[in-house]
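Engineer: Take this sequence and fold it.
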Amino acid sequence: MPRIAGIEPSHANLFTRLVYWMTKRQIGRVIEPLKVTAYHGRLLWANGQMELAQMKMHSVAESLKSLVDIKVATLIGCPF
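Structural biologist: Sure thing, here's the model as predicted:
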């Protein structure tokens, strides 16, 4: 149970519902950190821009990106 309850789609504005829909399409569900970030629209926008920019970078091999993702997740104890 998170310390901060996230915003549910029924209480979200149009932009947040669009972000939820896109996330659900890519990942299969809306993750809790995204629901908490949705409290601040500009932060949600900036986070989305950063994620899109990182996905479109091709200067590093995809296999190396995956390894780095796993390593960082294990270092910080992220369950995702």
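Engineer: name the element residue 58 belongs to?
Structural biologist: Using DSSP states H and E, residue 58 maps to neither a helix nor a strand.
Engineer: Correction: the previous question concerned residue 22.
Structural biologist: helix 14-27.
Engineer: How about residues contacting that helix?
Structural biologist: With contacts defined as Cβ atoms under 8 Å, 6 or more residues apart in numbering, helix 14-27 is touched by 7, 9, 12, 29-31, 34, 38, 41, 44-45, 48. Placement of C-beta: from N, CA and C, glycine included.
Engineer: which SSE is the residue nearest in space to the middle of the chain in?
Structural biologist: With distances taken as Cα atoms, centre = their mean, residue 34 lies nearest the centre of the chain, 5.3 Å away. Element membership of residue 34 [criterion: DSSP H and E] is helix 32-37.
Engineer: circling back to that earlier point, just the mean pLDDT for the helix holding residue 22, thanks.
Structural biologist: Averaging pLDDT along helix 14-27 gives 90.
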